[in-house]
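> How does the following fold in three dimensions:
(one chain, ligands or ions: 1)
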Amino acid sequence: MNRPEVPGSPSPGSARSLGRPELLSPDDVLQFQRDGFLVVRDVLRADEVAQLRGAIERHTARAKELGQVLRPTTDELVPVTDILGMPGVGWLLSDPRILGVARRLIGRADLVYFGDSSVMVGGKNRGFHKDNAVRDTTDHPDWLSPYTLIRMGVYLEDHKHHSGGLKVRRGSHLHADVTSGAIVDVPSQRGDVVVWSLRTTHSGFAVRVRGLSKLGLQPRFEGRLPAWLARPEPCVRIAVFMTFGIDDHHLRNYVAKHTDQASYPDNYVYQSWLFSDGTAATARTLAEAGVTLLRPIPEYGSRFGLAERIPGGCIIPGRSRPDVYRVRGLEKWIQRAGRAMRSLARPR
Ligand SMILES: O=C(O)CCC(=O)C(=O)O
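Numbers count the residues shown, from 1 in each chain. Just a heads-up that it's a prediction; the model follows:
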């Protein structure tokens, strides 16, 4: 893996404890447990952020040429591979600072990485959702014990004063719906790492409203906001996402969902596993950093490094069963009003 020098950081082999305390205080850990998300400040240096942007731009341009990208839902580009196989990006998964944060927030040193990471360039794909296996049913094991799968987002530009960052609902990791929790536009800056539980309700591409910095809009209204009211994004948004877990039933349930070709065929995680780097050398690099590489399917990495062009210019992922969330209070009235307005607007 093409990893830049990080002066003063411990060697990956020494990263076996729960992580260096200077990035996270005990209060930060409690805050993460209470809110379901956390911004960890100044994890990466400015030169590392610049290096990652360049590497991702180069990799994404090549992936686009080959059609090895997921079909865009807005105009985003998402290469269909995990980041281990991206020159100049995969080092994040064995970086002691990243792993230290993951270990302290999960509360365990023995992390498992299972090929769930990606980069996204551009786009405006919005909508509140969760990413755990079963999101809408409180008697599923996902909701019966503390959740151990976390996602880390490295947004390579400013979202404190600009649109385009992550939006979350505070405390929503404790509710199997997408309506609970105050809306927060996460004020991440270059070099920060945003961490959230896969149970936390979130949406990408938050729109910050001019003059109303504390107002967190519902994603459904963001796309309808007049452009002059929205603060622009600072540049094309580039984000890296990485998921870590431990060897437990939460990980097994998540993996089972994405490997079940009958109920969730060819889903985006499964497609990405085919193109991911599962080589022994890469597994060794992770192992030296104290991370186990789990290859969830026998055909993991079977298309890694493929130089062929994909017919049609992109990979079309399968669709999941839609979540059926409980709807209460104000949200019920917003949905009713929306339905009534759409039926009035429909041509007869
Ligand atoms: O685009 C974003 O900022 C959020 C990405 C997201 O929804 C996810 O990783 O599940």
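
> Where does the stretch 101-250 of the chain get nearest to the ligand, residue-wise?
Going by CB to the nearest ligand atom, the ligand is nearest to Gly204 of the stretch 101-250 of the chain, at 2.3 Å. For the C-beta atoms, the positions are set from N, CA and C on the backbone; glycine is no exception.

> count of residues packed around that residue?
Gly204 has 23 neighbours, counted by other CB atoms under 10 Å.

> likewise Val112?
Counted with other CB under 10 Å, the neighbours of Val112 add up to 21.

> Which residue, neighbours along the chain excluded, lies closest to the residue of the stretch 101-250 of the chain closest to the ligand?
Asn125 (5.6 Å; CB to CB, 6 or more residues apart in numbering).

> in the host helix or strand of Arg220, what counts as buried?
Using DSSP states H and E, Arg220 falls within helix 219-222. The neighbour-count check on helix 219-222 (16 or more other CB atoms under 10 Å) flags Pro219, Glu222 as buried.

> List the residue ranges of the stretch 1-150 of the chain that fall below the pLDDT cut-off.
Residues of the stretch 1-150 of the chain that meet the criterion pLDDT under 70 lie in 1-17, 19-21.

> Work out the gap between stretch 205-219 and the centre of the chain.
With CA atoms, centre = their mean, to the nearest Å as the basis, stretch 205-219 stands 20 Å off its chain's centre.

> Just the mean pLDDT for that stretch, thanks.
Across stretch 205-219, the average pLDDT comes to 93.

> what's the span of that stretch from first residue to last?
9 Å (CA to CA, to the nearest Å).

> list the buried ones in it?
Neighbour counts over stretch 205-219 (16+ other CB under 10 Å) mark Phe205, Ala206, Val207, Arg208, Val209, Gly216, Leu217, Pro219 as buried.

> Distance check, the fourth one against Val195.
Translated: Arg208. Separation of Arg208 from Val195 (CB to CB, to the nearest Å) stands at 21 Å.

> Stretch 179-194 and the ligand in contact?
No - applying CB under 6 Å from any ligand atom, one finds stretch 179-194 separated from the ligand by no less than 8.4 Å.

> Please export the C-alpha coordinates of that stretch as CSV.
Extracted C-alpha coordinates of stretch 179-194, given in CSV (Å, rounded to 0.1, in the frame of the first residue of the first chain):
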residue,chain,number,x,y,z
THR,A,179,-37.8,10.5,12.5
SER,A,180,-36.3,10.5,16.0
GLY,A,181,-33.5,12.8,17.0
ALA,A,182,-32.6,16.5,16.4
ILE,A,183,-31.2,17.2,13.0
VAL,A,184,-27.5,18.2,13.0
ASP,A,185,-25.4,19.3,10.1
VAL,A,186,-22.0,17.9,11.1
PRO,A,187,-19.4,20.7,11.0
SER,A,188,-16.5,18.7,9.8
GLN,A,189,-13.3,20.4,8.5
ARG,A,190,-10.4,19.2,6.4
GLY,A,191,-8.4,16.6,8.4
ASP,A,192,-11.3,15.6,10.6
VAL,A,193,-12.9,12.2,10.8
VAL,A,194,-16.6,11.8,11.3
